[in-house]
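Enquirer: give me a 3D structure for the following:
(one chain, ligands or ions: 2)
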Amino acid sequence: MDKLSIVVPCFNEEESIPLFYSAVNKVLEKILNLEAEYWFVNDGSKDSSLAKMKELREKDKHVHYISFSRNFGKEAALYAGLQNATGNYVVVMDVDLQDPPKFLPKMYDLIKSGQYDSVGCRRVDRKGENKFKSFLSDKFYAVINKISKTQIVPGARDYRMMTRQMVNAVLSMKEYSRFSKGIFSWVGFKTKYLEYHNIERVAGETDWTTWKLFKYAMNGIADFSQAPLNLAVWIGLFSFALSLLGILFIIIRKIVSPASSVFGWASLVAVILLIGGLQLLCIGIIGRYVGKIYLQVKNRPVYIVKEKE
Ligand code: UDP
Ligand code: MG
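Expert: Ligands and ions are numbered 1, 2, ... in the order given. The predicted structure is shown next:
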């Protein structure tokens, strides 16, 4: 019999957890010969999420929970869930029912057919979401797919069913800064995407402000592309070429009209400021990568577990 592990990161989701559990259970009942196990990961919630998980665990021994010592972020929660999952298939889902459980049978059929190693879901629209946020996400996908070899499907959610082989590949990536969208793509394997229209959260509120999303996107770019580093090289080459032209101009002017007086201090200051700014920008970019190396070599754990059952 196949076993499906359901990995669910939760942060302040006391209302969603019971709704999620019953919705998923209802769908799974229809799939024959499939045993399910749940791995709820309590990512340092401040509400009674953990109590809700324990309640479910009392009733159903297929429910497990991992509770972190503090909030470590969704990526850490996903990692913890994947490390503990024992099924030969694993599905990762948000608890707020924005990842529709009704797709589970279809995902299972597709993956079971052996044609695919992973079945993901992507939103084809962002109805009900902040316009500015959607605009930024579109730009993010355009940029990262241009500058990184790791391609990310626009609108792809983390909602994804994977074979054991693919899960092991994901777990073999030990990086500290975990950008799952990139990791799922980096490991390769054959993925099928199911499409659907955006669904709003069933309860609670998203914790992702536009600023937080922006930082997340910048991190993802630094994790999966070195193009920003090359930017420094190109800026350097460009200003070098420009200065050669400037020197040429000065020499020619000296020859053509030797008596011309000194002028142009304003433009000089402008140029110094320009170059200085570009240098700081480049140092800043390098700093981002150095910071990432720093975090990685410190080799801190991705998360710390307080309770688990
Ligand atoms: N989440 C988490 N840790 C966090 C933030 C979010 O585990 O620090 C969980 C959250 O409970 C939910 C999922 O990650 O199950 C997606 O979060 P959210 O719905 O806020 O994001 P969105 O759907 O807006 O992308
Ligand atoms: Mg959500």
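Enquirer: quick check: residues of the stretch 51-200 of the chain near ligand 2?
Expert: Neighbours of ligand 2 within the stretch 51-200 of the chain, by Cβ under 5 Å from the ion: 94, 96, 98. C-beta: built from backbone N, CA, C; applies to glycine.
Enquirer: tell me who's in contact with the nearest residue to the second one once chain neighbours are set aside.
Expert: Nearest residue to residue 96 in three dimensions, chain neighbours excluded: residue 201, at 4.3 Å (Cβ to Cβ, 6 or more residues apart in numbering). With contacts taken as Cβ atoms under 8 Å, 6 or more residues apart in numbering, residue 201 has the following neighbours: 16, 96-98.
Enquirer: do stretch 64-74 and ligand 1 come into contact?
Expert: Yes: under the criterion of Cβ under 6 Å from any ligand atom, ligand 1 is reached by stretch 64-74 at 71, 73-74.
Enquirer: scratch that, stretch 35-45 is what I was asking about
Expert: Yes: using Cβ under 6 Å from any ligand atom, stretch 35-45 comes into contact with ligand 1 via residue 43.
Enquirer: for that stretch, buried residues please.
Expert: Within stretch 35-45, the residues that count as buried by 16 or more other Cβ atoms under 10 Å are 36-45.
Enquirer: tell me which two of these sit farthest apart.
Expert: Largest separation among the buried residues of stretch 35-45 by Cβ to Cβ: 36 and 44, giving 25.7 Å.
Enquirer: name the residues that touch stretch 148-159?
Expert: 74, 78, 91-94, 98-99, 103, 120-124, 126, 137-138, 141, 144-145, 180-182, 184-186, 193, 221, 224-225, 227.
Enquirer: which of these count as buried?
Expert: For the contacts of stretch 148-159, buried by 16+ other Cβ under 10 Å: 74, 78, 91-94, 98-99, 103, 120-121, 123, 126, 137, 141, 144, 180-182, 184-186, 221, 224-225.
Enquirer: give me the subset of the residues you listed lying in helices.
Expert: Among the buried ones among the contacts of stretch 148-159, the members found in helices (DSSP state H) are 74, 78, 137, 141, 144, 180-182, 184-186, 221, 224.
Enquirer: what ranges does the stretch 1-150 of the chain have for its helices?
Expert: For the stretch 1-150 of the chain, the helices defined by DSSP state H, counting those that start in this stretch cover 16-29, 49-59, 74-84, 104-112, 131-147.
Enquirer: who wins for proximity to residue 232 among those helices?
Expert: Taking those one by one with Cβ to Cβ, helix 131-147 is closest: 14.0 Å.
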